[in-house]
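J.: Just to be clear, the model below is a prediction. Sequence and coordinates:
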Amino acid sequence: MVDRLGDRQPGVAPATAGALGPRGRGLFGRLLDGLRSSPAQRAEACSIAVASGKGGTGKSFVATSLAVLLHRAGRRTTLVDCDFGLAADHLLLGVKPIASLQQLLSGKATLAQVLIETPCGPRLLPGASGVRKLAAMSDKDMLQFAHELGAVAADNDVVLLDVGAGISPAVLLTMLAADHIVLVTQPEIAALVDAYAVVKCVAQLRSDSRFHVLVNRVQTKGRGEQAYQKLTEVSRQHVGISLDYLGEVLDDPRVSQHRLGQLPLVVTEPGAATSLAMLDIATRLEQIAGPLQRRSVEGEAGIEARFRRHRLFL
Ligand SMILES: Nc1ncnc2c1ncn2[C@@H]1O[C@H](COP(=O)(O)OP(=O)(O)OP(=O)(O)O)[C@@H](O)[C@H]1O
Ligand SMILES: [Mg+2]
């Protein structure tokens, strides 16, 4: 449905837009922005959104661990903290940013000034914490954000997007724009119901979305796969898509007791069962998703163009 718009004649719109009032012009302006052509071919990173329905399922733990492991596997990796408003990845990666997404979107800092190298390897585009304006982004901010994502993708093999919980427009858009979605859930029914809500919302807008399920904080081995089976069955029956299974991570007090500012467990205790589980998950992700590296994309298939296009439907 979304891609059909690309067949229209963009040249017809400006005259029509001129005859409309401010609201109409706004709508046409957005349509034209969405249709503006991007460069034909470009090299771009593979993008992976780390998402959940319910909050606190372990997205940031998973996103920071994957960022470190992919960096160590030789991939040029950047983690973008897209938690607009309650960002915390810098704390988990042991860095103190001087500027964040907030300064980037308001034009007070450049991408080069905001991106930081972390001691464990991957680069981080820090999100903003406690900034109300970012929690409800304007259309202009979204377009700017899409542009910055395109710039980050042009310079990496893998871009990980740690998205906020729930199904707000900015969260949905980030998932819609990514190549892959790692859906982090817990095995409890409340988390599975919220994870299903995400699958439903995203799949309705983009039927070729690819979800890879990670079940976190599992108490008993094997519960993760049972939870996944329920989730994929319901998604297949009601939305018509099957989900992939990445694996489970047991509930581990070493994770919850990790102090903020300490480096991730995969760095401090690489031999711990949880770190090895994350390594298996990174390997499985690559097996399912294909090589996690930069590749050539058509401009309209790039992350920036997808973000712009999908925002027209939210
Ligand atoms: N496997 C695990 N075992 C024990 N504790 C865990 C595990 N994974 C995550 N946690 C803990 O759960 C809490 C929430 O994790 P995290 O911040 O990664 O979740 P989140 O999904 O990013 O949350 P939010 O929705 O607020 O962004 C943290 O205290 C974290 O240390
Ligand atoms: Mg988080």
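T.: Sure, I can see it. Ligands and ions are numbered 1, 2, ... in the order given.
J.: Pull the number of nearby residues for V163.
T.: Residues lying near V163 (other C-beta atoms under 10 Å) number 26. Where C-beta positions appear, they are placed from N, C-alpha and C, glycine not excepted.
J.: next one: S207
T.: Residues near S207, counting by other C-beta under 10 Å, number 12.
J.: Does it touch V199 like I think?
T.: No - at 11.6 Å, S207 and V199 do not qualify as touching, with contact defined as C-beta atoms under 8 Å.
J.: what touches both of the two?
T.: Residues touching both S207 and V199 (C-beta atoms under 8 Å, 6 or more residues apart in numbering): I241.
J.: Can you list the buried residues in stretch 265-273?
T.: L265, V266, V267, E269 (16 or more other C-beta atoms under 10 Å).
J.: From H212, how far off is the nearest residue to the third one once chain neighbours are set aside?
T.: In other words, V267. Nearest residue to V267 in three dimensions, chain neighbours excluded: C120, at 4.8 Å (C-beta to C-beta, 6 or more residues apart in numbering). According to C-beta to C-beta, to the nearest Å, C120 stands 23 Å off from H212.
J.: What parts of this protein come near ligand 1?
T.: The chain comes close to ligand 1 at residues 52, 55-61, 83, 165, 216-217, 249, 251-252, 255-256, as judged by C-beta under 6 Å from any ligand atom.
J.: go again using 5 Å as the cut-off
T.: Within reach of ligand 1 by C-beta under 5 Å from any ligand atom, the chain has these residues: 55-61, 165, 217, 249, 251-252, 255-256.
J.: Show me those that map onto helices.
T.: If you go by DSSP state H, the residues of the chain next to ligand 1 have K59, S60, F61, V255, S256 in helices.
J.: Let me know the closest of the residues you listed to V193.
T.: Nearest to V193 among those: K59, at 17.0 Å, using C-beta to C-beta.
J.: show me the contacts for that closest one.
T.: By C-beta under 8 Å, 6+ apart, K59 lies in contact with V50, A51, S52, D162, V163, A165, V184.
J.: what do you get if the cut-off is 10 Å, keeping everything else the same?
T.: Residues counted as contacts of K59 (C-beta atoms under 10 Å, 6 or more residues apart in numbering) are 49-52, 83, 89, 162-165, 182-185, 214, 216.
J.: what element comes up after the helix or strand harbouring L285 heading to the C-terminus?
T.: Per DSSP states H and E: L285 is located in helix 273-289. Where DSSP H and E defines the elements, the next helix or strand beyond helix 273-289 is strand 295-298.
J.: any idea how far E298 lies from ligand 1?
T.: Applying C-beta to the nearest ligand atom, to the nearest Å, the value for E298 to ligand 1 is 33 Å.
J.: I misspoke; the intended subject was Q237.
T.: Taking C-beta to the nearest ligand atom as the measure, Q237 falls 27 Å from ligand 1.
J.: Which parts of the stretch 151-300 of the chain are helices?
T.: With DSSP state H, counting those that start in this stretch as the criterion, the stretch 151-300 of the chain has helices at 169-177, 189-205, 223-238, 253-256, 265-268, 273-289.
J.: Which one of those helices lies nearest to L314?
T.: Closest approach to L314 among the helices of the stretch 151-300 of the chain is made by helix 169-177 (4.5 Å; C-beta to C-beta).
J.: is any part of that closest one close to ligand 2?
T.: No - using C-beta under 5 Å from the ion, we find that helix 169-177 stays clear of ligand 2, coming within 11.5 Å at best.
J.: Show me what that helix is packed against.
T.: When contacts are defined as 3 or more C-beta pairs under 10 Å, 6 or more residues apart in numbering; DSSP states H and E, helix 169-177 packs onto strand 46-51, strand 77-82, helix 139-153, strand 158-163, strand 180-185, helix 189-205, helix 303-310.
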